[in-house]
Structure formats: C-alpha cells, structure tokens
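Enquirer: need a 3D model of the sequence below.
(one chain, ligands or ions: 1)
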Amino acid sequence: MITLPRELPPTAGLPLQASDFLPGGGDLCAVLGSQLGTPPLQLACSGTAALLIALRTLQQRAPERDTVVVPAYTCPLVPIAVHAAGLRMRLCDTRPGHFDMDPDALRAACSERTLAVLPTHLGGRVADVASAVQIARDVGAWVIEDAAQALGARVDGRSVGLQGDIGFFSLAAGKGLSLFEGGLLACADPSLRAALRDNASVLAPRDLRWELRRSAELLGLALCYRPGLLPLVYGRPLRQALQCNALEDAVGDVFPLQVPQHRVSRWRQSVGARAARRLPAFLQAARERSGYLRERLQRLPGVTVLDDAPGRDGTWPMLMVRLPSQRARDAALATLWPAGLGVSRMFIHALPDYSYLRGIVPQRAMPNAHDFAARMLTVGNSPWWTEADVDAIVKGLMPQK
Ligand SMILES: *Cc1c(COP(=O)(O)O)cnc(C)c1O
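Expert: Residues are numbered from 1 along each chain as shown. Now for the predicted structure:
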C-alpha cells in the first residue's frame, strides 16, 4: 500500500473554503465584534502594524514618556514595532517556567518614563493582565494587551484585549483566523479609539502592490493549508532548515526591521468575514480536542502542559509543553520536530538572544525567559491529528534513557 505524504501544521489555523472568496462577505470587524462582544474593532494590515498604531497614539498623549516594557519571551516583531516607533525598550523577565511577566520584575522595570506595558497572551494561554494594569497605573503608564495569539480567548466571559487600554490581535497565517496578514485593534475608550482611527488613516495608505501580494498569498494559503500539501509548503523547508541547524528560520523568527503599513482591501476583509462566521465552532472544537491531547501528554513523567488560571478561558491552537530540562526537550524534538506531527517550537530565544535584534534589544540577562525558551516545545492542535499521531507524539515525549 502506498501512503501519501501527510503533514500536520504547528498551530490550528481556520481552514478557508472556496466560497469564502466570493465577494460580499460583509464587514469583518462587525462580525468579530459581535462574536466577541467588543466595542468597534479596527482593522490593520498586521498585528505589528496595529501595535505601531497603538504606540504612536499613546506617544502623542505623553511625549515625555519614551519607554515600553515588554516580556523578555515574545515575538521578535514586538521589539521591531517599538523600534519603528522610535521608542526605547525595557525587558521584563518572566515568571519561572512561564511566558508571563513576573510582577516583581515588572514593578522594577516601570518608571515615570514608561509609556506602555505589554502583557502578552501566548499560544492561546491568557496572561495576568490585572497585575500589569495595577503596576502600570502606579507609574501612570498605559497597558497594551498583546493578544496576537489569542483571538477568541476570554477572561470572566469577556474577550481578552479589553482589560488594558488597547488590545491587538493578529490575523497572520497560522494564528487562527487569517487574512494572510492582518491585525485588529480593540479599545473600550471612545476618545482613545478615535485617536487610533486618526493615526491609522495617516499611517496606512492604499497600496495596490502590497494588497495584490497579500491577496495572492491568501489564495495560496487557502490552497495549501491541508495535510496533503503541507509537506511541500511547510514540511520540506522546515526539514531543510533543521538539517542546517537554522532554528530561527525553522520557526520563521527572522523579520525585516521595517513595518509595512497599508490598507486592507474590502475583498480580503470579505474573505475573512465569511471565514469568521465559522470561528466560534472552530474554536470550540479545538477546545474539545485539546482535552484529550492534554490528558495524554500530562500523564507523561516530567511533562507539564501550560493551562489557564481559573476564570481565564483561552483558545487551543496548540499546547505549550514544558519539559524538565533543555536536554529532555531537545531529545524529544530530535525525533518529533522533523516528523510531520505538528510538534515545533514557538520563539526560539528570549529576546536578548537573537543576534539580528542585538541593535534594538537591550542586552541584559533574562534568566527565566531564557530557561523557558530552552525547555518548551509546542504540539499543534489542528483538526487533522489522529489517535496514531498522538501515540507517536507521546512516544517521542517519553523520557529517554
Ligand atoms: C505574531 C505576533 C505579533 C505580530 O503579529 P503579526 O500579525 O504577525 O504582525 C505580535 N505579538 C505576538 C505575541 C505574536 O505572536
């Protein structure tokens, strides 16, 4: 019997359908806003662009504040946005064994120069925004919630992104609902929302070339995001990168230092609006699948699956799995990463450890973030895994003698 090659993605993206591409799908922000119960959302061309708009808006309100406090384990696009805004960055180390900022370290990182603090939800898991808000308020700073990886997550029934002053989501490929690239701003305060809108209209012009490129990429994503084609578009470049030990390339951690700003066309919004109508059911199915995965993995000695604190109800595009040591993590990845099972890593390094970011990231030791990066792997929770895939993942995670 011939078995065709097949590959699982590292995160659960909402698959697009041919009918999504028919025009007339409606207003993406309105569809999502009513699903999530948010005040009017604002569309940007990427999560990074949304963050840049948020930073510019706050800068205008407090030009004397020039520093942004960022968790030391997060997406390299975050320091790139801070740099593009002409602001300084201050890193905050994480709690031990976690991605969330350590409250004591956060308090020490904040001062009267702090413009904004960025609590960050990763992999669908919900960060402690309430502590960040309290600490930021004490120094008169704003809170921007980085919910790039958490569209659909809730805290006490309410969407993430609204506990701070401004929140943003990413609609990039691989982050759930995708326009190939896109971002959303959420803000409960009407005057701040108006300022965000004004800044976006200045910062993001129409740009036909960007829009044609993103439209073609979105079509390509819709075509290729299926287990039979992922070996070609995802698996092959991944295995090549792993063979060369080019780990940053393997997860796509290397980004240009410029942040493109342009408007998203009505057509691409309409594609997203049609797909978004399937999002609640898709997120619910992912949550149900994650229960079984969690149970299987959690039973393994030394394996911890990151979960949410009570009242925080995240999404499950993947499971973040922490192992007892870097050695154990690397041993598991040696077999699992190239195996086409959707096992991967999130960001390879803590921010100070990216050599290409050395000019824009403060070079200070961030021991907890460094340790978390060294011991964590991710298990994709796409709709396509089978019992046999989970058996293979479990076997790869067994402690090796
Ligand atoms: C992806 C991501 C961003 C940036 O979003 P893009 O839409 O890719 O620009 C910001 N923060 C985090 C934590 C992310 O994962």
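Enquirer: what's the closest non-adjacent residue to residue 262?
Expert: residue 207 (3.8 Å; CB to CB, 6 or more residues apart in numbering). Just so you know, the C-beta spots here come from the backbone N, C-alpha and C atoms, and that holds for glycine as well.
Enquirer: and the pLDDT for the one you found?
Expert: The predicted local distance difference test score for residue 207 is 94.
Enquirer: what's the neighbour count on it?
Expert: Applying other CB atoms under 10 Å, we find 16 other residues in the vicinity of residue 207.
Enquirer: ditto for the one 5 residues further on
Expert: Counted with other CB under 10 Å, the neighbours of residue 212 add up to 11.
Enquirer: the spatially closest residue to residue 73 that is not a sequence neighbour sits in which helix or strand?
Expert: Using CB to CB, 6+ apart and skipping residues adjacent in sequence, the residue nearest residue 73 is residue 369, 4.0 Å away. In this assignment (DSSP states H and E), residue 369 forms part of helix 367-375.
Enquirer: so which bits of the next helix or strand after that helix are buried?
Expert: As assigned by DSSP H and E, the chain's next helix or strand after helix 367-375 is strand 376-380. For strand 376-380, the buried set under the neighbour-count rule, 16 or more other CB atoms under 10 Å, comprises 376-380.
Enquirer: can you add distance to the ligand and pLDDT and give these back as CSV?
Expert: CSV is the format used below for the buried residues of strand 376-380 (distance: CB to the nearest ligand atom, whole Å; pLDDT from 0 to 100):
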residue, distance to the ligand, pLDDT
376, 14, 98
377, 16, 98
378, 12, 98
379, 17, 98
380, 15, 98
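Enquirer: before we move on, the earlier item: next one: the helix holding residue 369, is it in contact with the ligand?
Expert: No: counting by CB under 6 Å from any ligand atom, no contacts exist between helix 367-375 and the ligand, the nearest distance being 13.2 Å.
Enquirer: just how off-centre is that helix within its chain?
Expert: Here the centre of helix 367-375 is set off from its chain's centre by 18 Å, with CA atoms, centre = their mean, to the nearest Å.
Enquirer: same check, this time on stretch 387-396
Expert: Here the centre of mass of C-alpha atoms in stretch 387-396, compared against the chain's by CA atoms, centre = their mean, lies 25 Å away.
Enquirer: give me the residues contacting it.
Expert: 8, 292-293, 296-297, 300, 332, 335-336, 339, 341-343, 379 (CB atoms under 8 Å, 6 or more residues apart in numbering).
Enquirer: what residues does the stretch 101-250 of the chain have near the ligand?
Expert: When proximity is defined by CB under 6 Å from any ligand atom, the stretch 101-250 of the chain lies next to the ligand at 120, 122, 146, 148-149, 170, 172, 181, 183.
Enquirer: list the residues that contact the residue in the chain positioned nearest to the ligand.
Expert: With distances taken as CB to the nearest ligand atom, the chain approaches the ligand most closely at residue 47, which sits 2.5 Å away. The contact partners of residue 47, by CB under 8 Å, 6+ apart, come to 77, 148, 168-172, 175, 182-183.
Enquirer: now do residue 273
Expert: Applying CB under 8 Å, 6+ apart, one finds that residue 273 lies in contact with 25-28, 30-31.
Enquirer: show me the two of those residues that sit farthest apart.
Expert: Using CB to CB, the two most remote members of the contacts of residue 273 are 25 and 30, lying 11.0 Å apart.
Enquirer: tell me which of the two has more neighbours.
Expert: residue 25 (22 against 13).
Enquirer: which ones are touching that one?
Expert: Under the contact definition (CB under 8 Å, 6+ apart), the residues listed for residue 25 are 269-274.
Enquirer: in helices only, show me these.
Expert: Among the contacts of residue 25, the residues falling in helices (DSSP state H) are 269-274.
Enquirer: okay, those residues in CSV with distance to the ligand and pLDDT next?
Expert: Converted to CSV, these look like this (distance: CB to the nearest ligand atom, whole Å; pLDDT from 0 to 100):
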residue, distance to the ligand, pLDDT
269, 15, 97
270, 19, 97
271, 16, 98
272, 13, 98
273, 18, 98
274, 20, 98
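Enquirer: looking at those, which is nearest residue 348?
Expert: Using CB to CB, residue 272 is the member of the ones in helices among the contacts of residue 25 that sits closest to residue 348, with 29.2 Å.
Enquirer: residue 350 against residue 71, yeah?
Expert: No: applying CB atoms under 8 Å, one finds residue 350 not in contact with residue 71, separated by 9.3 Å.
Enquirer: name the residues contacting each of these two.
Expert: In the contact map built from CB under 8 Å, 6+ apart, the residues linked to both residue 350 and residue 71 are residue 369.
Enquirer: so between these two, which is more surrounded?
Expert: Comparing residue 350 with residue 71 by neighbour count (other CB under 10 Å), the higher total belongs to residue 71, at 31 against 25.
Enquirer: just the buried ones from the contacts of stretch 387-396, in ChimeraX syntax?
Expert: The buried subset of those, as determined by 16+ other CB under 10 Å, is captured in ChimeraX by this line:
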select :8,293,296,297,300,332,335,336,339,341,342,343,379
